[in-house]
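Chemist: Sequence and predicted structure, then a few things I'm wondering about:
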Amino acid sequence: MCLRDSLCEDRRAEKMGGMMAASLMVAGFDELGLSEDANGVLLKNVGISCLLSCDVNASHDGSLNLCLASDFMSRLIYLIAIVFAIPCNAQPPEGLQKSPLSTFIVPLKRVVWTSGQAVENSANLLKPKSGQAVLIEPDAPLILKPGAGVVLDFGVEIQGSLELFTPQMKSKAPTSVRIRFGESVAETMVELDEHGAQNDHALRDRTVVLPWLGKTTVVPGGFRFVRIDALKEGPEVQLSQVRAILQLRDIPYVGSFKSSDERLDRIWKTGAYTVHLNMQDYLWDGIKRDRLVWLGDMHPEVSVISAVFGYNEVVPHSLDMTRDVTPVTEWMNGISSYSMWWIIIHEDWYRQNGDLDYLKQQRTYLTALLKRLSTFVSEDGKETLDGMRFLDWPTYENPIAVHEGLQAMMTKTMASGARLCDILGDAETTALCRTTEERLRKHIPASSGRKSPAALLALAGFRDLKEVTANVLKKDGPKDLSTFYGFYVLNALAEAGDYQTGLDFISQYWGSMLDFGATTFWEDFDLDWTKNASPIDEMVPAGKRDLHGDFGAFCYIGFRHSLCHGWASGPTAWLSRNVLGVQPLAPGCVQVRITPHLGNLKWVEGTYPTPKGQIHVRHDKQPDGSVISKVVLPAGIEQVK
C-alpha cells in the first residue's frame, strides 16, 4: 500500500471513530462528565490512536505498508463491545444500598499558628492543590521538624474527614504525626482530659502513621480546626497538601429568608447549616458529640428541616429507629419528655407533609404510648412521670421548674395525641387523651420564675401569655435562655404578639455566638460567658477567658461542649414561621396562613417548602407602618386569610 492509500484508510478509520463516538454519547458515555465536543475528540483519538492503531513498516520497495486487515477488524470488534457495554452502569454486589451522604472538598483557609522556626513552608498549604499525590510537587512541602506543630483553619465547621498528602522523600520509612481536632482553636491545643477534652464518640486526639508518597484519610467527626505535630522522638514530617472532606446530604435549600437586617439573615442560614450538618444517616444531636438520635433535640431540628428542606427521609428514619429500639414500656432515650416529643413531632410532620399512610404505621405504638402516659397523672391532675425528668440543662437541677415544664408537656402531648388518634379513627384513645388533658388542667404548678417552663406553661394555656411575657420572659432581656428551650421562649413571645422582643433575643443571644467566631450554633450559651472572653477562632491571649474551655456545665463542661448542636437552631424555623409569616394549617400544607410580623424590619422575602412546591413571599413595610405583601402559591395550596 502506498502512502496516499494509507492516509485515505486513516481518514476512513477516523470517520469510523467519530461514528463510534456518537454512538457512545447516545449510549451514555457523557455520564462521565465530559462535554459533547470532548466526547467526540476523546473517542476519535481512542479509535485512531489506540483501538485502531496499526503497525507502520517500510516495504522492500521503500513504500510504507499499513497492516490493517485482521488487526483492524479485531480492534473494531473491541470498540463495538465497548459501545454495547457502556449503557450497563457499574453495579454493586447484591444487597448493598447507596449511602444518602455525599462528600465535598473543603480547602484550607488559614494557618492560625506555628510552633516557630521548626516549621517551614506552611503558607504553601494555602495554594491551590490538585488533591493527588505527585512525583514532583510544584511547591515546597510543609516541613515539621521533630516536636514542631501547626494549627490550621478550614473556615467553617464541618462533619467529615481530613486528608493528608505526603510527597516523595529520600526515606521510604513511614512517618507519624499527632492530630488534634477542634471546634475551637483552643480545643486543638490541649491534652486529653484537660478542661474536658475527650475522645468520646469520635477520636479528636490521635497519632496517625503516614505513608511515603500517598494520601491518608483521618476521620474524626465534627471540627473546624486541626493541629498537626511531628512526634518529638520521630523523624521530620513533610506534607504537600492538607484538605478537609465535608460529608452531608446533597439536598437543596428550598426554603430561604432574606431581610433588611443582614444579621438576622446570617442567623437563619447558620441555623439551617447547623441542622444540615446533623442530617447524617440519622438525625444527630451534634457532629462532635454525641452523634446520636435524641428525640427532644429532634423537635427544633425537624421544625428547621420543614422550613428549609421540606420533606427528608432522615426524619422518619430517625423517628422509626428510635421507636423500634425502645419498648413502649420504656422512655425514649431514658427521658419521659422525649417520648412525648416523639408524639408532638409526628403531629408537626403530618401537618407539614400530609402522609397519612406513614402516620397509620405509628398507630400501634402511638396508642400504647398514650395509654402509658395517661397512667402518670394523679387524681388531682398532677403529672407523676418517672425516668429522667428533664427539660433542658439549665433547669435540670430545679425540681419546681422541671415539674412546671413536664405538666405543660403532658398537657400538650395529650392534646396532640387526641388530634392524631381522631385522624386515625381511634375513638377510644381519643377520648382517653381528652379526659387526661382535662384532668391535667386541674393542677397549676407553682412558678419557678424560670423562662423555659414558663414559656411551656403559657403555650399550653395554663397561664396568660401576655402576663408571662411581661413578668418572666422579658425580665433581664435574653438571660436565662438555653439554646434548646430558647425556641419555645421565642414561640411564647410570638403567641403573645411580642415579635420585636423575639427578634431582639435572636439578634442578641444567637447573634453573639456569631460575634465570637461561630459558624454553627452551640449546645448551650450564656451571654455572661462573653465577658472578657476571646473568640473561638483565635488563640486565647493572656488575661482573656477561653469561651470554649472555661465554661459549660453538666455533661458539656469545657471542651466537651458541642459547638454544633441541632437543638440550637430554632430561630431559623421561627423566622420563617413568624416573620416571613408562613404557617401550615392543614396536612400537607394544602392550607396556609401567611401573616408577616416585621417588627423593626423594613422588608423581608423568602420561600417556604411544601409538598406541592415553594411558596414565594415578599413583604414591604410602607411609611405609614402598613405592609404590602406579594405571595405566589403553588397549585393546590390555599391561602387562608
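Modeler: Thanks, I have the structure now. Since the structure is predicted, the reported quantities are computational estimates derived from the model, not experimental observations.
Chemist: What are the boundaries of the strands in the stretch 501-641 of the chain?
Modeler: For the stretch 501-641 of the chain, the strands defined by DSSP state E, counting those that start in this stretch occupy 533-534, 545-546, 582-584, 591-594, 603-610, 613-621, 627-632, 638-639.
Chemist: for the third one, the distance to its chain's centre please.
Modeler: On the basis of Cα atoms, centre = their mean, to the nearest Å, strand 582-584 is displaced by 23 Å from the centre of the chain it belongs to.
Chemist: And for stretch 105-121?
Modeler: For stretch 105-121, the distance to the chain centre is 27 Å (Cα atoms, centre = their mean).
Chemist: is it true that S629 touches Q622?
Modeler: No. In this structure S629 lies outside contact range of Q622 using Cβ atoms under 8 Å: 11.1 Å. All C-beta atoms are positioned from the backbone trio N, CA, C, and that covers glycine.
Chemist: before we move on, back to that, with mean pLDDT as new columns, can the strands of the stretch 501-641 of the chain be given to me in JSON lines?
Modeler: Formatted as JSON lines, those follow (pLDDT from 0 to 100):
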{"stretch": "strand 533-534", "mean pLDDT": "98"}
{"stretch": "strand 545-546", "mean pLDDT": "98"}
{"stretch": "strand 582-584", "mean pLDDT": "98"}
{"stretch": "strand 591-594", "mean pLDDT": "98"}
{"stretch": "strand 603-610", "mean pLDDT": "98"}
{"stretch": "strand 613-621", "mean pLDDT": "98"}
{"stretch": "strand 627-632", "mean pLDDT": "98"}
{"stretch": "strand 638-639", "mean pLDDT": "98"}
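Chemist: quick one: strands adjacent to the host helix or strand of R227?
Modeler: Assignment of secondary structure by DSSP states H and E places R227 within strand 214-230. Its sheet considered, strand 214-230 pairs with strand 149-166 (antiparallel), strand 175-182 (antiparallel) by DSSP bridges.
Chemist: pLDDT on the longest one, on average?
Modeler: The average pLDDT for strand 149-166 rounds to 98.
Chemist: Please point out which parts of that strand sit buried.
Modeler: For strand 149-166, the buried set under the neighbour-count rule, 16 or more other Cβ atoms under 10 Å, comprises 149-154, 157-166.
Chemist: what about that strand, distance to the chain center?
Modeler: Average the C-alpha atoms of strand 149-166, do the same for its chain, and the two points are 18 Å apart (Cα atoms, centre = their mean).
Chemist: Repeat that for the last one.
Modeler: Its chain's C-alpha centre and that of strand 175-182 lie 25 Å apart, by Cα atoms, centre = their mean.
Chemist: So in that sheet, which strands flank the helix or strand following the strand holding R227, and in what orientation?
Modeler: Counting by DSSP H and E, the element after strand 214-230 in chain order, helix or strand, is strand 237-239. For strand 237-239, the paired strands and their directions (DSSP bridges) read strand 142-144 (antiparallel).
Chemist: Now the partner strand: average pLDDT?
Modeler: On average, strand 142-144 scores 98.
Chemist: Name the SS class of Y358, please.
Modeler: helix (DSSP: H, G, I helix; E, B strand; the rest coil).
Chemist: hang on, it packs against L319?
Modeler: No. When contacts are counted by Cβ under 8 Å, Y358 is not listed as touching L319 (9.4 Å).
Chemist: okay, those two: which has more neighbours?
Modeler: The neighbour comparison of Y358 against L319 (other Cβ atoms under 10 Å) goes to L319, with 23 against 15.
Chemist: who's in contact with the more buried one?
Modeler: Shown in contact with L319 (Cβ atoms under 8 Å, 6 or more residues apart in numbering): 295, 298, 342, 345-346, 349.
Chemist: Among the residues you listed, name the ones in helices.
Modeler: Applying DSSP state H to the contacts of L319, the entries found in helices are 295, 298, 342, 345-346, 349.
Chemist: Just want the phi and psi numbers for L210.
Modeler: In terms of degrees, to the nearest 10, the main-chain angles of L210 are phi -110, psi 140.
Chemist: these two touch, right, it and T216?
Modeler: Yes. Counting by Cβ under 8 Å, L210 touches T216, with 5.3 Å between them.
Chemist: Kindly point out which residues are neighbours of both of those two.
Modeler: Shared contacts of L210 and T216, defined by Cβ under 8 Å, 6+ apart, comprise 164, 166.
Chemist: chain center to stretch 566-577, what's the gap?
Modeler: From the chain centre to the centre of stretch 566-577 is a distance of 14 Å (Cα atoms, centre = their mean).
Chemist: now stretch 394-411
Modeler: In terms of Cα atoms, centre = their mean, the centre of stretch 394-411 is found 30 Å from the chain centre.
Chemist: Would you mind identifying the next helix or strand past the helix or strand where K466 lies?
Modeler: Using DSSP H and E, the element containing K466 is helix 465-468. Once the chain leaves helix 465-468, the next helix or strand it forms, by DSSP H and E, is helix 486-495.
Chemist: pull the CA atoms of that next one into PDB?
Modeler: What follows is the C-alpha trace of helix 486-495 in PDB, where atoms were taken according to Å, rounded to 0.1, in the frame of the first residue of the first chain:
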ATOM      1  CA  GLY A 486     -34.900  29.300  73.800                       C
ATOM      2  CA  PHE A 487     -37.000  28.200  70.800                       C
ATOM      3  CA  TYR A 488     -40.100  27.800  73.000                       C
ATOM      4  CA  VAL A 489     -39.500  31.100  74.700                       C
ATOM      5  CA  LEU A 490     -39.500  32.700  71.200                       C
ATOM      6  CA  ASN A 491     -42.700  30.800  70.400                       C
ATOM      7  CA  ALA A 492     -44.400  32.100  73.500                       C
ATOM      8  CA  LEU A 493     -43.300  35.600  72.700                       C
ATOM      9  CA  ALA A 494     -44.800  35.200  69.200                       C
ATOM     10  CA  GLU A 495     -48.100  33.800  70.700                       C
END
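Chemist: can I assume I344 is in contact with K412?
Modeler: Yes. I344 lies in contact with K412 (Cβ under 8 Å); the separation is 6.6 Å.
Chemist: So for stretch 219-234, what gets flagged as buried?
Modeler: Buried residues in stretch 219-234, defined by neighbour count with 16+ other Cβ under 10 Å: 220-230, 234.
Chemist: er, stretch 392-411 actually
Modeler: Across stretch 392-411, burial judged by 16+ other Cβ under 10 Å covers 392-396, 398, 401-411.
Chemist: now do stretch 288-302
Modeler: Judged by neighbour count using 16+ other Cβ under 10 Å, the buried positions of stretch 288-302 are 288-291, 293-302.
Chemist: Can you get me a residue count around P327?
Modeler: Around P327 there are 10 residues (other Cβ under 10 Å).
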